[in-house]
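**Q** Need a 3D model of the following:
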Amino acid sequence: QVLDRNTVKLVAAEYDLLVVDKEEAAITAGAVKQRDFLELDDLDTAVPRPPVVTVMGHVDHGKTSLLDFIRKSKVAAGEAGGITQAIGAYNVDVEVDGEKKTICFLDTPGHEAFSAMRARGARVTDLATIIVAADDGVQPQTREAVSHAQAAEVPIVVAINKIDKPGADVERTKQGLLELNLVPEEWGGNTPMVPISAKKGIGIDDLLQTVCWVAEEKQLMANSSKLAAGTVIEAHLDKKKGPVATLLVQAGTLHVGNVMSCGACFGKVRILSNAAGSTITEAGPSIAVQMIGLNAVPQAGDEFQVHPSESDARAAASEASEELRAARIAEMSTTGSMVTLSSLATMDEDVDTLQRMNLIIKGDTSGVVEAIKGALQQLPQESVVLRYLLNAAGDITVSDVDLAAASGGMIVGFNLNPDETVQSHAKRLGVTINTYRVIYNLIDDVKAAMEGKLRAVQEKLHLGQATVKAVFGTGKKRVAGCLVDEGKLQKGAQIEVLRGKQVVHTGKVASLRRIKDNVEEVQSGLECGVGAEDFTSWQADDVINCFLSVTKTQRLEDAKAATAVDVSSL
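**A** Here you go, the predicted model:
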């Protein structure tokens, strides 16, 4: 039985127990920087490093198009629905004031489901570029992106995009940004705002120059001679190469041959490649690289650390694995998704009780899997609780199908195409595999599947009310002479006959006569004769309530589990 927070406190107070109240993590919690990679011992050997710039904003405001123009490569065209659904890291050489400089850009998704990925981008960045469309203004993900940047305590540069489009209003956009405490420099504030057109390249040089100036003010430094450390930006499982991780080096220099731990994974760096796909031998601070050599796919957001020996890396990974396992068990027990023998015995015995839906989530990258799980957690779960049997990056396998078959679960895949062996095995076992290219289609389908577990409810659709004025006939032919007070009476509809406050009969309207004619319905203000199925004990002043009984499918937002406790009754 799942209790809400207030009920737990009331019950605990009765038994003199202490309740430790853990508040839900704020939306900006994931953006708070967890580690400072520049330590006091590094100051003597620290050298300047390139800035890490995260590009954030609302979906379709032009983040990817901006990077596309800067990098001179088309990355936007191949994205499903025009939506960035993974995080990209690119090192770009730009020329500012005649001097060649390197900037590491992070492109984050703008769709609302990818909040965790935007937070991760803000956490590792030195500077945030918030892109806002001049023809659309401040939107929900614009507000959230600004919140992430402010939580990470990084400077913000605003790029006001699409100034070439009809309806673009730069001044109105600036006015909207005032609500987010972003005041333009020309209005006396400290937030640079640069009008641009990412499609036509207007104002891009001014934006890059502004980014470099703001970065110079921060005097970014790093020790490039120590053992490398940094953060996993993204990771996926390649069929030929194995686990592939996109890393952002934040301290030291990463070399081919280094031994590292990466969350619960470890391994030896076999191949390093840059954003252009070229193989390199080392990567210094603020350089984003793809790395091959880990024993498993790490979680996006994990920190990596190079170790002197393989035994040290293995020990660090083992410790992180135990912490991850403990956290997973704690999460399952607190969300009610842990299955015990007693809960298994009672599960689904009564359709009114709390239902569970078992899910296996597989995606092409670990960051996407994280985003999907985070988005599904936002669905109402008072009546149907999602239980995650497995969520990992990689192809859908026969083992996944076996797990789903054993648990009665369903498999959802993102950017994956199961092979024929897996599909035929799933068909043979009756397992549903749904694959998607756009995340909100996945969320809608899972929500529909959850609602399918809810019991349909019967609702009364009120038609009208009548008062019995006289009773006519004898025996089985007794009928009530009525006046319809409001609404209408309808032949074949359900009725309740009230005598005072007591319901004396529930049934159907068998006959309806108006003057001498049989009719289908009688409207308000008219008199009629009413005959009911299996009921003849009419009395004057009886009240007839007429209604239709309709079957309605419940929505998650409206459904309440029978296990919920009424606090007022305690």
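**Q** for the protein, where's the lowest mean pLDDT among helices and strands?
**A** The helix or strand of the chain with the lowest confidence, counting by mean pLDDT, DSSP states H and E, is helix 341-346 at a mean of 42.
**Q** how about low-confidence regions in this structure?
**A** The chain contains residues with pLDDT under 70 at 1-4, 20-43, 72-88, 108-123, 328-354, 557-570.
**Q** Give me the phi and psi angles of the residue of it most remote from its centre.
**A** Taking Cα atoms, centre = their mean, the residue of the chain most remote from its mean C-alpha position is residue 474, at 67.0 Å. Taking degrees, to the nearest 10, you get phi -130, psi 160 for the backbone angles of residue 474.
**Q** Moving C-terminal from the least confident helix or strand of the chain, which element do we reach first?
**A** As assigned by DSSP states H and E, the chain's next helix or strand after helix 341-346 is strand 355-363.
**Q** Which neighbouring elements make contact with that following strand?
**A** helix 366-377, strand 384-393, helix 398-407, strand 410-414, helix 439-452 (3 or more Cβ pairs under 8 Å, 6 or more residues apart in numbering; DSSP states H and E). Quick note: C-beta positions are derived from backbone N, CA and C, even for glycine.
**Q** Would you reformat those as JSON lines and include mean neighbour count and distance to residue 293?
**A** Conversion of these to JSON lines gives the following (neighbours: other Cβ atoms under 10 Å; distance: least, Cβ to Cβ, whole Å):
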{"stretch": "helix 366-377", "mean neighbour count": "22", "distance to residue 293": "16"}
{"stretch": "strand 384-393", "mean neighbour count": "18", "distance to residue 293": "16"}
{"stretch": "helix 398-407", "mean neighbour count": "17", "distance to residue 293": "24"}
{"stretch": "strand 410-414", "mean neighbour count": "23", "distance to residue 293": "25"}
{"stretch": "helix 439-452", "mean neighbour count": "17", "distance to residue 293": "30"}
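**Q** Compare those and give me the one nearest residue 158.
**A** Comparing the helices and strands packed on strand 355-363 against residue 158 with Cβ to Cβ, the closest turns out to be helix 366-377 (25.0 Å).
**Q** can you map out the helices along the stretch 401-550 of the chain?
**A** Assigned by DSSP state H, counting those that start in this stretch, the stretch 401-550 of the chain shows helices spanning 420-429, 439-452.
**Q** Just tell me which of those helices ends up closest to residue 102.
**A** helix 439-452 (32.3 Å).
**Q** Report the angle between the closest one and strand 355-363.
**A** If you take axes from the mean of the first three to the mean of the last three Cα atoms, to 10 degrees, helix 439-452 sits at 160 degrees to strand 355-363.
**Q** Counting residues, which helix of the chain comes out longest?
**A** The helix that spans the most residues within the chain, counting by DSSP state H, is helix 310-334.
**Q** relative orientation of that helix and strand 384-393 in degrees?
**A** Going by the same axes, to 10 degrees, helix 310-334 makes 170 degrees with strand 384-393.
**Q** What is the burial count for the closest residue to residue 183 other than its chain neighbours?
**A** Of all residues not flanking residue 183 in the chain, residue 189 sits nearest, at 2.4 Å (Cβ to Cβ, 6 or more residues apart in numbering). Residue 189 has 15 neighbours, counted by other Cβ atoms under 10 Å.
**Q** Quick check: residue 189 is in a helix.
**A** No - with DSSP: H, G, I helix; E, B strand; the rest coil as the criterion, residue 189 is assigned coil and is not in a helix.
**Q** Would you check that it makes contact with residue 182?
**A** Yes - using Cβ atoms under 8 Å as the test, residue 189 is close enough to residue 182 to be in contact (7.2 Å).
**Q** Geometric centre of this structure: which residue is closest?
**A** By Cα atoms, centre = their mean, the chain has its centre lying nearest to residue 375, at 1.3 Å.
**Q** Tell me how far that residue lies from residue 89.
**A** 22 Å (Cβ to Cβ, to the nearest Å).
**Q** what pairs with the helix or strand harbouring residue 254, and is each one parallel or antiparallel?
**A** If you go by DSSP H and E, residue 254 is part of strand 254-255. Using DSSP bridges, the strands paired with strand 254-255 are strand 282-283 (antiparallel).
**Q** returning to that earlier point: could I get the helices and strands packed on strand 355-363 as a markdown table with distance to residue 228?
**A** Formatted as a markdown table, the helices and strands packed on strand 355-363 follow (distance: least, Cβ to Cβ, whole Å):
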| stretch | distance to residue 228 |
| --- | --- |
| helix 366-377 | 20 |
| strand 384-393 | 23 |
| helix 398-407 | 34 |
| strand 410-414 | 31 |
| helix 439-452 | 33 |
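**Q** To residue 8, which of the ones you listed lies closest?
**A** strand 384-393 (16.8 Å).
**Q** Give the pairing partners of that closest one; include direction for each.
**A** strand 355-363 (parallel).
**Q** can you give me the angle the strand it pairs with makes with helix 366-377?
**A** Going by the same axes, to 10 degrees, strand 355-363 makes 160 degrees with helix 366-377.
**Q** tell me the SS of residue 381?
**A** Recorded secondary structure, residue 381: coil (three-state DSSP).
**Q** Would you tell me which of the helices and strands packed on strand 355-363 gets closest to residue 497?
**A** It is, among the helices and strands packed on strand 355-363 and with distance given as Cβ to Cβ, helix 439-452, at 35.9 Å.
**Q** Distance check, residue 181 against residue 199.
**A** From residue 181 to residue 199 the distance is 30 Å (Cβ to Cβ).
**Q** now residue 206
**A** 16 Å.
**Q** Just give the closest residue to residue 57, not the sequence neighbours.
**A** Using Cβ to Cβ, 6+ apart, the nearest residue to residue 57 is residue 131, at 3.9 Å.
**Q** And for the one you found, the neighbour number?
**A** 27.
**Q** Could you check how far residue 93 is from residue 254?
**A** 20 Å.
**Q** higher neighbour count, the two?
**A** Neighbour tally, residue 93 and residue 254, criterion other Cβ under 10 Å: the higher count belongs to residue 254, 26 against 9.
**Q** what's near enough to touch residue 396?
**A** Contacts for residue 396 (Cβ atoms under 8 Å, 6 or more residues apart in numbering) come out as 362, 411, 413, 416, 418, 422, 433.
**Q** where does it land in three-state SS?
**A** coil.
**Q** wait, what's in contact with the nearest residue to it once chain neighbours are set aside?
**A** Leaving aside its sequence neighbours, residue 396 sits nearest to residue 418 (Cβ to Cβ, 6+ apart; 4.5 Å). Taking Cβ under 8 Å, 6+ apart, we find residue 418 in contact with 395, 396, 426, 433, 435.
**Q** what separates stretch 360-370 from the chain centre, distance-wise?
**A** 12 Å (Cα atoms, centre = their mean, to the nearest Å).
**Q** Name the residues linked to residue 132 by a beta bridge.
**A** Beta-bridge partners, per DSSP bridges, of residue 132: residue 160.
**Q** what number of residues lie near it?
**A** 28.
**Q** same thing with the one 4 residues further on?
**A** A count of nearby residues for residue 136, using other Cβ under 10 Å, gives 19.
**Q** got the contact list for it?
**A** 58, 61, 162.
**Q** go again using 10 Å as the cut-off
**A** 58, 60, 61, 62, 142, 161, 162, 165, 167, 168, 173, 176 (Cβ atoms under 10 Å, 6 or more residues apart in numbering).
**Q** Report the separation between the fourth one and residue 94.
**A** The spacing between residue 62 and residue 94, counted by Cβ to Cβ, is 18 Å.
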